[in-house]
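[1] How does the following fold in three dimensions:
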Amino acid sequence: MMLPDEILLHFVNQAAGQSVVLTPKRLQRLVYLLQTEGATPLGYPFGISYYGPFSPALAKRLEYLASDFRLSWTRLPDGHIHIRPAESAPALAPLPPSVAHAMTLILSHYGSMTLPALIVYTTAHFLYHRSHLHEFGPLLAQTRAYQGALGSGLCQWAVTRVLFMAHNPLIPPPPSDKS
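    A predicted model of the protein is given here:
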């Protein structure tokens, strides 16, 4: 069985190979999707933050991998940090085919999403899978469909709607399956 660090490093390598620019915010959301939709257990617990699903354990691990010279962090002219494989990183063992396939699917579906769209999608996804609200399904589909057109106003509206739905005591729970 592969260690989470090796899978994470492969993920960063594959993203770089597909020209996906990884910032800490983007990588957090993509690893969240890799664990949930990609069914790749890395063991990072995610909670919700202002920018969607966030794992403090993953953030610390990424910092460690950078300090161990296996990842490179570069500040871009716009102030964002770009995460990529370190040039001096050792070679990695081959991935199991199921994990490689999951990575390919996650990066092909979500790697080109704008960061605001990725934040909205993963926030809705997180809340949908941790609540009784089935209304999130259409919001997830809309977010994926309109990923290129999401502006900051629509992004804020969608996140506000998701959070309202998640915390509104007036929305009834779904019917019980105990019939």
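
[2] wait, what's in contact with residue 69?
    86, 88, 89 (Cβ atoms under 8 Å, 6 or more residues apart in numbering). (C-beta placed from N, C-alpha, C; glycine too.)

[3] Skipping its backbone neighbours, what lies nearest residue 80 in space?
    Nearest-residue entry for residue 80: residue 23, 5.1 Å, with adjacent residues in sequence omitted and distances by Cβ to Cβ, 6 or more residues apart in numbering.

[4] Please look at the one you found and residue 82 and confirm they touch.
    Yes - in this structure, residue 23 is within contact of residue 82 by Cβ atoms under 8 Å, at 6.6 Å.

[5] returning to what we had before: quick one: which of the contacts of residue 69 sit in strands?
    Counting by DSSP state E, no part of those is found in strands.

[6] wait, which of those residues is closest to residue 28?
    Ranked by distance to residue 28 (Cβ to Cβ), the contacts of residue 69 are led by residue 86 at 19.3 Å.

[7] SS state for the closest residue to residue 76 other than its chain neighbours?
    The spatial neighbour of residue 76 that comes closest, neighbours along the chain excluded (Cβ to Cβ, 6+ apart), is residue 82 at 5.4 Å. Classification of residue 82 using DSSP: H, G, I helix; E, B strand; the rest coil returns strand.

[8] Can you give me the pLDDT of residue 82?
    Residue 82 is assigned 85 on the pLDDT scale.
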